[in-house]
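Asker: Here you go, sequence then predicted model.
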There are 2 protein chains.
Amino acid sequence: MTEPNPRISVFPNPDDPRLTAIVGGIDQTGAPVRARVVTERPLTLFLNAQEIVTLMTIGDHPEALGLGFLLNQHMLRAGDVITGVDVDGDLGVVVVRTERQTDYEEKLKKKTRTSGCAQGTVFGDMMDGFDEIELEASAILRTSWLYGLTKKINQIPSLYLSAGAIHGCVLCCRDAPLLYMEDVGRHNAVDKIAGLMYQRTITPEDKILYTTGRLTSEMVIKTVQMRIPILVSRSGFTAWGVELAQKAGLTLIGRARGHRFVALAGAARLVFDEQVKMGGDA
Amino acid sequence: MTEPNPRISVFPNPDDPRLTAIVGGIDQTGAPVRARVVTERPLTLFLNAQEIVTLMTIGDHPEALGLGFLLNQHMLRAGDVITGVDVDGDLGVVVVRTERQTDYEEKLKKKTRTSGCAQGTVFGDMMDGFDEIELEASAILRTSWLYGLTKKINQIPSLYLSAGAIHGCVLCCRDAPLLYMEDVGRHNAVDKIAGLMYQRTITPEDKILYTTGRLTSEMVIKTVQMRIPILVSRSGFTAWGVELAQKAGLTLIGRARGHRFVALAGAARLVFDEQVKMGGDA
């Protein structure tokens, strides 16, 4: 069994008072109750002098979120030298500075026309290079790791457990959760993972990405673009997500709860080292 | 008890073969399985000659989705005369035509700069007029209606029950579900509700909106903009969603499962006609 390396593990901090608020209300009997709810606040991202986007986020790890957003939108390139990441928490601003001059005026316009702004999908740019990506063929997923991961992730203290109404993404190695990020938007959670991987020089080829959200086309595209060969969710699939995973050779596992799961793409990476009895627990 | 009026009720059609696909895979024992998964396909929306957005959708009710998107983005105004809505299912295009000439070039640009494209939030425009909206004060929600609605909605045949991985929104009157829309994106589901309400001249003041999704700021803003005074979810809250609901006087009910719920705003509209025993069922 692999224990998380404390030097690289980053887990949720549900006790951070900035991330939740206590709100008074009433319950089904009319009695007063106090409910803990997650916060969401605007974070405006600049790349050098250009305003790129305002993200609604719970507000933790703003540097990682800014970097990850730019990486996953292909606004930062492999060779880019980052000269600084400045955060002003009061203003809700993060500024990423690069040696290379950047100008995405045209790219931002193109997005509006091709995919618009209101639906969380920017396929025009996100699919860039998708067809050429070759995911690590030798990566494997032992079923014992999968069962260990889902159990461990469910037990790690999180905003999900303390307040609910939040998405989580977890980067894992073998049976060890390494980076566990949460946010109101599942895209923010996976973008924070991308940013932390960049900051900590974590390689993707032998990793597993776990998400609490559905296995949509966008989630599959992001995982493939991040070069992670295995994507697992406790939730279900969409048809296009499955189709894209099959094309890219991504191992796609959904409905992973207890000792049950369904693999709809890339099943060759699975190693059945922990057999489940017929009629076993769910 | 109010029965749904068949002339205005629209419910999911999980047997529509265009909405799901059967995909082969393997389960936790390595045995082959066939899984039903929801489809998602691009639908490009034009307002007159202008391309507005490409939405990823399951593909049902494209007219309602197009109209509802434009209404909820304030691109259609109250006095607009719609001269036609044309759908080309093969091309994945819906065209909404109005008497008034429309030009949203500047509006589309502004969105990119203020809120960007990747996160499903377009606050710059969506908040327009939010502070001036007065929701119907005399609207009520009996707890007996609420318990009846959650039970009925859970029993209506749906893509959620047959394939999972989908969001649902249901417009209700008293204890009767009227319009039940589903989509991969929860915004599409609520936009379809807005479009159908417009097409069928359904008034919002005495209605209840039920959503399977979380009670985020966006969901609250849309509900208020649609003039619906009561919003219910089986999921949880975000802090900003609660704050906006309190400001707007929206009745906001979350964690509604069985005979339990929490109201964090607008509790004055609740009528406790069905008392729950302490320690009653959950």
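Answerer: Perfect, thanks for sending it. Numbering: from 1, shown residues only, chains lettered A, B, ... in the order given.
Asker: and the gap between A:F69 and chain B?
Answerer: In this view, A:F69 and chain B are 7 Å apart by CB to the nearest CB, to the nearest Å. (C-beta placed from N, C-alpha, C; glycine too.)
Asker: A:L55 is in contact with that residue, correct?
Answerer: Yes: using CB atoms under 8 Å, A:F69 makes contact with A:L55 at a distance of 6.8 Å.
Asker: where do the contact lists of these two overlap?
Answerer: Both A:F69 and A:L55 are in contact with A:L45, where contact means CB atoms under 8 Å, 6 or more residues apart in numbering or on different chains.
Asker: check contacts around the residue positioned nearest the centre of chain A.
Answerer: Geometric centre of chain A, nearest residue: A:V190, 1.8 Å, by CA atoms, centre = their mean. By CB under 8 Å, 6+ apart, A:V190 lies in contact with A:G68, A:N72, A:C169, A:M181, A:L209, A:T211, A:M219, A:K222, A:T223, A:M226.
Asker: now those in JSON lines, with neighbour count, secondary structure and pLDDT?
Answerer: Shown next, in JSON lines, are the contacts of A:V190 (neighbours: other CB atoms under 10 Å in any protein chain shown; DSSP: H, G, I helix; E, B strand; the rest coil; pLDDT from 0 to 100):
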{"residue": "A:G68", "neighbour count": "28", "secondary structure": "helix", "pLDDT": "95"}
{"residue": "A:N72", "neighbour count": "23", "secondary structure": "helix", "pLDDT": "89"}
{"residue": "A:C169", "neighbour count": "28", "secondary structure": "strand", "pLDDT": "98"}
{"residue": "A:M181", "neighbour count": "27", "secondary structure": "strand", "pLDDT": "98"}
{"residue": "A:L209", "neighbour count": "23", "secondary structure": "strand", "pLDDT": "98"}
{"residue": "A:T211", "neighbour count": "24", "secondary structure": "strand", "pLDDT": "97"}
{"residue": "A:M219", "neighbour count": "25", "secondary structure": "helix", "pLDDT": "93"}
{"residue": "A:K222", "neighbour count": "24", "secondary structure": "helix", "pLDDT": "93"}
{"residue": "A:T223", "neighbour count": "29", "secondary structure": "helix", "pLDDT": "97"}
{"residue": "A:M226", "neighbour count": "22", "secondary structure": "coil", "pLDDT": "96"}
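Asker: Now for the nearest residue to A:F69 once chain neighbours are set aside, how many residues are close by?
Answerer: Ranked by CB to CB, 6 or more residues apart in numbering or on different chains and with sequence neighbours excluded, the top spatial neighbour of A:F69 is A:D191, at 4.7 Å. Neighbourhood size, A:D191 [other CB atoms under 10 Å in any protein chain shown]: 31.
Asker: A:D191 touches A:N72, doesn't it?
Answerer: Yes: using CB under 8 Å, A:D191 makes contact with A:N72 at a distance of 5.5 Å.
Asker: can you give me phi and psi for the residue nearest to the centre of chain A?
Answerer: phi -70, psi -30 (degrees, to the nearest 10).
Asker: for the one 3 residues further on, same thing?
Answerer: Backbone torsions of A:I193, given as degrees, to the nearest 10, read phi -60, psi -50.
Asker: does the residue nearest to A:F69 sit in a helix or strand, and which one?
Answerer: According to DSSP states H and E, A:D191 maps onto helix A:186-199.
Asker: Mean confidence (pLDDT) on that helix, please.
Answerer: Average pLDDT, helix A:186-199: 94.
Asker: Which positions within that helix qualify as buried?
Answerer: With burial defined by 16 or more other CB atoms under 10 Å in any protein chain shown, the residues of helix A:186-199 counted as buried are A:186-198.
Asker: Let me see the ranges of the helices in the stretch 1-150 of chain A.
Answerer: Assigned by DSSP state H, counting those that start in this stretch, the helices in the stretch 1-150 of chain A fall at A:62-72, A:105-114, A:123-126, A:143-155.
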